[in-house]
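**Student:** what's the 3D shape of this:
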Amino acid sequence: MENPELAVIGLTCNVVGVFFLANSIRFREPRKALHDALGLGGRSLLKVRDTALNNMQVIIGFLFLTTGFLLQIVAKWDMELTTLIFCGAIILVAGAVYAIGAYSSRRAFRRLLREFFQSEQWSFQDDMELTKEIGEILGVPLAPDMTVEAYVHRVRQALGVANPQKPAGNDRARRIVLPGR
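**Tutor:** Below you'll find the model as predicted:
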């Protein structure tokens, strides 16, 4: 089945989708993004507004691209078994590439976290929510009876960050507040 009208409509959708995606791309250095996320960058509400606009453009762009490609597939579909097998193989390869990319990006992010916290003085006890998030990313286990100090020590070890000198006073050990307890 050959349908050139559907192919042209699909290509037009692709052009619109690529426009929205290209418009939404923000090239940011990962180290700069990490500084911004941890509050070390300059403050501005424009970043929040731009992020909302970029998210909307990405969604619209992908909707148009997906629609365009599906229309092109329908316009050219010949119902041959070999075509279906090739399409399935492409989808499997794409899934494998995605899995490898997700794994390597998580490793790179952990490396960036270690690099950042090794170069910055950071009080992990002042922001326990962030410390728990970092611990989760690095695979640091959190036990219900663990003290704040013990957990911070484990997170620091996972990051390769030296423990700061303890103050002269002896504070009672604080417990980490777990959700739902």
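
**Student:** From now on I want contacts and neighbour counts done on CA atoms only, so please keep to that.
**Tutor:** OK.

**Student:** Which secondary structure elements does the lowest-mean-pLDDT helix or strand in the chain sit against?
**Tutor:** Least confident element among the helices and strands of the chain, by mean pLDDT, DSSP states H and E: helix 30-37 (a mean of 72). Contact partners of helix 30-37 among helices and strands, from 3 or more CA pairs under 8 Å, 6 or more residues apart in numbering; DSSP states H and E: none.

**Student:** Now do the buried residues in it.
**Tutor:** Leu34 (16 or more other CA atoms under 10 Å).

**Student:** what does stretch 150-157 give?
**Tutor:** Within stretch 150-157, the residues that count as buried by 16+ other CA under 10 Å are 151-156.

**Student:** What of stretch 69-76?
**Tutor:** Buried residues in stretch 69-76, counted by 16+ other CA under 10 Å: 69, 71-72, 74-75.

**Student:** out of those, who's nearest Val58?
**Tutor:** Phe69 (16.2 Å; CA to CA).

**Student:** longest helix anywhere in this structure?
**Tutor:** helix 81-119 (DSSP state H).

**Student:** what does the helix or strand hosting Asn14 contact?
**Tutor:** Taking DSSP states H and E as the definition, one finds Asn14 inside helix 4-24. Identification of contacts with helix 4-24 by CA atoms under 8 Å, 6 or more residues apart in numbering yields 53-55, 57-58, 60-76.

**Student:** on that earlier part again, tell me the helices and strands packed up against the longest helix of the chain.
**Tutor:** Checked by 3+ CA pairs under 8 Å, 6+ apart, helix 81-119 has helix 148-159 packed alongside it.

**Student:** how much space is there between Leu138 and Pro144?
**Tutor:** 18 Å (CA to CA, to the nearest Å).

**Student:** Looking only at neighbour counts, state which of the two leads.
**Tutor:** More neighbours surround Leu138 than the other of Leu138 and Pro144, with 19 against 11 (other CA atoms under 10 Å).

**Student:** pretty sure the more buried one is touching Gln157, no?
**Tutor:** No - contact criterion CA atoms under 8 Å: Leu138 and Gln157 do not qualify, at 10.3 Å.
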